[in-house]
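# prediction below, plus the sequence it came from.
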Amino acid sequence: MIIIVDFGSQTTHLIKRRLEWLGFEAKIVSSKENLNSILKSDLCRGIILSGGPSSVYEKNAPLIDKKIFDYKIPILGICYGMQLIAYLLDGQVTSHQREYGPQNLNIIDKKSHLFKNIPSKFSVWMSHGDQVVKLPKNFKIIASTEKLKEAAIENDLKKIYGVQFHPEIYHTENGSEILKNFAQNICAIAPKKNIFQIENLIEKIKNEWLNQGKGKIISAVSGGIDSTVATFIVAKALKKEIIPIFVDSGLLREETKNKIKDIFKSVDLKPKIINARKIFLKKLKGVVDPEKKRKIIGKTYIEIFEKEAKKIKNAKFLIQGTIYSDVVESGHSDNKSAVIKSHHNVGGLPKKMKLKLIEPLRYFYKDEVRMIGRFLNLPKEIVDAQPFPGPGFAIRIIGEVNKKRLDLIKKIDEVLNNILKKHNLYEKIFQSFPILTGIKSTAVKGDGRVYGEVIGIRIYESTDIMSASWAKIPYEVLNEIAQEINQKFSQVSRVVYDISTKPPSTMEWE
Ligand code: XMP
């Protein structure tokens, strides 16, 4: 087994997942735990020190006992983990060179076991403010980027390695191979056949339901992949208990409401539709702070579900399609990583809830949810559909959400996505949407001055949501999008294309 020592990174859990898909067992332990007994056991064959938001020199930075280097167990430090190795072994770390997003990595030592069977140049993803500037004794540089000499280091004899980039991030090319090299070649662990079994998940849900006193299960369906797959999984064991409810908040795409009934036909479930458009608009009136918006939306959804539950005899449970990226960004993971944004279904939930949550996908990433969806034979249109966030257009309208602005963004969204569909691009990308930026700028339309709104366009590629790159849409298509939006909407003054990667920029603007 590989022990992953967690220093609070957004992607610690992703390291575990990548290893598991490769067939290696992994366990996350907090850096605050006493690691001696874990590391002494025969089970531990390799150690990964995760990334984290701290700086090794800062007061209260999470450190680790130096004894870790005496166990003769191979160690791989990732980002903060690498800086920690350097710091603890008398190297030097400074906050000199910030890097976020893609960088080209050049392998310097092609014989390094970490880079076995890997091309000598490839793209890696960075997300760091600090860097190693002086190597500890007996370490050497094994890879560099143009800006960063010490991008990967090793002490081959002691089997201690450090990478400044994130091999666990999907966008890092050869990332899985690097983790595999560490586990298989350096730690000498033989991979097992796929560790994950969906039958176990179904069994676990049924047992929890039995142990928590049974009862009817409301399913919060949104028409999206996560809540659909979550409902289908629970239906495998407890179909007769499920009552799907679609809360029509008015914040989602209009087509969703029409599609919702068909989605569950194959399992004979008929979602009840609740029109809550006025309630949401009322609660969002005057609210501009993104975190407040998210929390209001999360709370309003739950209030409606609880009100509905009262009408159903013995309703005790609520299925939510929460996935791990929602959990980690909301700062609710086991490692209490930083709050990036409160996803409506996690950080946006009220403190006290009457319904008990069933979240079958809480520890899965988007690409895994899609795999499970395929395994459950869900139609392609659902499995491959663009994700749409629960708070919907509310977090794409900067500033106050009102009916006028909601109507406008929905219309612009339709124009944008129809153009992408016409060019067969819509299905190929991860998400595409406009943003009402709230910024005004000057335009001249028909010889008259227009002081109108700047519309942002976000189109990007991703798999597991933890990283994303902007889509390289052909210029002609971008031109068509800008022209059409500018022409159709008199209140728009210009259209801008967002070319930010995640990290650092999250996918949604709020
Ligand atoms: P960010 O903006 O966090 O988005 O990079 C990652 C993915 O999550 C979606 N998203 C949400 N989904 N509730 C959801 O159900 C939320 O509160 C929420 N916030 C963001 C976003 O659309 C993207 O797919």
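The structure has been received and is ready for your questions.

# what's the strand or helix carrying residue 369 packed up against?
Taking DSSP states H and E as the definition, one finds residue 369 inside helix 366-375. Packing partners of helix 366-375 (3 or more C-beta pairs under 8 Å, 6 or more residues apart in numbering; DSSP states H and E): helix 225-238, helix 380-383. For glycine as for every other residue, the C-beta is placed from the backbone atoms N, C-alpha and C.

# who touches the last one?
It refers to helix 380-383. Contact with helix 380-383 is made by 225, 228, 263, 370, 373-374, as judged by C-beta atoms under 8 Å, 6 or more residues apart in numbering.

# state the next helix or strand along the chain beyond it.
helix 403-422.

# off-centre distance for that next one?
Computed by C-alpha atoms, centre = their mean, to the nearest Å, the chain-centroid distance of helix 403-422 equals 25 Å.

# in terms of secondary structure, what does that helix contact?
strand 431-445, strand 448-461, helix 475-488.

# among the ones you listed, single out whichever gets nearest to the ligand.
strand 431-445 (5.6 Å; C-beta to the nearest ligand atom).

# list the buried residues for that closest one?
431-437, 443 (16 or more other C-beta atoms under 10 Å).

# ok, now stretch 253-272?
253, 256, 260, 263-264, 269, 271.

# and the stretch 401-510 of the chain, which residues reach the ligand?
By the rule C-beta under 6 Å from any ligand atom, the part of the stretch 401-510 of the chain lying against the ligand is 431, 465, 502, 506-508.

# so how far is the ligand from residue 254?
From residue 254 over to the ligand the distance is 18 Å, taken as C-beta to the nearest ligand atom, to the nearest Å.

# scratch that, residue 352
20 Å.

# any idea how far residue 220 is from the ligand?
Using C-beta to the nearest ligand atom, we find residue 220 at a distance of 10 Å from the ligand.

# beta-bridge partners for that residue, please?
residue 245 (DSSP bridges).

# count of neighbours near it?
By the measure other C-beta atoms under 10 Å, the count of residues near residue 220 is 25.

# okay, now the spatially closest residue to residue 374 that is not a sequence neighbour: neighbour count?
In this structure, residue 374 finds its nearest non-sequential neighbour in residue 383, 5.6 Å apart by C-beta to C-beta, 6 or more residues apart in numbering. When neighbours are counted by other C-beta under 10 Å, residue 383 registers 19.

# and the strand or helix carrying residue 154, which strands flank it?
Assigned by DSSP H and E, residue 154 belongs to strand 152-155. For strand 152-155, the pairing partners within the sheet under DSSP bridges are strand 140-144 (antiparallel), strand 160-163 (antiparallel).

# residues touching the spatially closest residue to residue 503 that is not a sequence neighbour, list them.
With sequence-adjacent residues excluded and distances taken as C-beta to C-beta, 6+ apart, residue 503 is closest to residue 127, at 4.5 Å. Shown in contact with residue 127 (C-beta under 8 Å, 6+ apart): 51, 79, 99-101, 166, 503-504.

# identify the farthest-apart pair in the residues you listed.
The span of the contacts of residue 127, defined through C-beta to C-beta, is set by 51 and 101 at 14.8 Å.

# more neighbours: which of the two?
residue 51 (28 against 18).

# look up phi and psi at that one.
When quoted as degrees, to the nearest 10, the phi and psi of residue 51 stand at phi -80, psi -180.

# and it, how far is that from the ligand?
Counting by C-beta to the nearest ligand atom - residue 51 and the ligand are separated by 17 Å.

# wait, that residue touches residue 84, no?
No - the criterion here is C-beta atoms under 8 Å, and residue 51 misses it with residue 84 at 9.9 Å.

# following the helix or strand of the chain with the lowest mean pLDDT, which helix or strand comes up?
In the chain, no helix or strand scores lower on mean pLDDT, DSSP states H and E than helix 36-40, which sits at a mean of 80. Counting by DSSP H and E, the next helix or strand C-terminal to helix 36-40 is strand 46-49.

# what's that next one in contact with?
Counting by C-beta under 8 Å, 6+ apart, 2-5, 7, 15, 26, 39, 64, 68, 71, 73-78, 80-82, 84-85, 182-183, 186-187, 189 sit against strand 46-49.

# among those residues, name the buried ones.
2-5, 7, 15, 26, 39, 64, 68, 73-78, 80-82, 84-85, 182-183, 186-187, 189.

# so which of those belong to strands?
2-5, 26, 75-78 (DSSP state E).

# what's the closest of these to the ligand?
residue 78 (20.8 Å).

# surely the closest one meets residue 167?
Yes - contact criterion C-beta under 8 Å: residue 78 and residue 167 qualify, at 6.9 Å.

# who touches both of the two?
Joint contacts of residue 78 and residue 167 (C-beta under 8 Å, 6+ apart) do not exist.

# okay, now the unreliable bits of the protein?
194-196, 335-336 (pLDDT under 70).

# try 80
40-42, 96-97, 193-197, 332-337 (pLDDT under 80).

# give me every residue in it lying close to the ligand.
Residues of the chain lying near the ligand (C-beta under 6 Å from any ligand atom): 294, 325-326, 329, 341, 343-345, 387, 389-391, 431, 465, 502, 506-508.

# try it again at 8 Å.
222, 224, 226, 294, 297-298, 321-322, 325-326, 329, 340-346, 348, 366, 387-391, 395, 430-431, 462, 465, 468, 502, 506-510 (C-beta under 8 Å from any ligand atom).

# can you flag the buried ones in those residues?
222, 224, 226, 294, 297-298, 321-322, 325-326, 329, 341-346, 348, 366, 387-391, 395, 430-431, 462, 465, 468, 502, 507-510.

# contacts only, for residue 241.
209, 214-217, 317.

# sorry, back to before: possible to save the strands paired with strand 152-155 as a markdown table with mean neighbour count and distance to residue 306?
Shown next, in a markdown table, are the strands paired with strand 152-155 (neighbours: other C-beta atoms under 10 Å; distance: least, C-beta to C-beta, whole Å):
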| stretch | mean neighbour count | distance to residue 306 |
| --- | --- | --- |
| strand 140-144 | 20 | 54 |
| strand 160-163 | 28 | 47 |
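
# of all those, which one comes closest to residue 44?
Closest among the strands paired with strand 152-155, once you apply C-beta to C-beta, is strand 160-163, at 15.1 Å.

# would you put the C-alpha positions of the closest one in PDB?
Output of strand 160-163 as PDB, limited to C-alpha atoms (Å, rounded to 0.1, in the frame of the first residue of the first chain):
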ATOM      1  CA  ILE A 160      13.500   9.900  -2.500                       C
ATOM      2  CA  TYR A 161      11.900  11.900  -5.300                       C
ATOM      3  CA  GLY A 162      10.300  15.300  -5.700                       C
ATOM      4  CA  VAL A 163       8.200  16.800  -8.400                       C
END
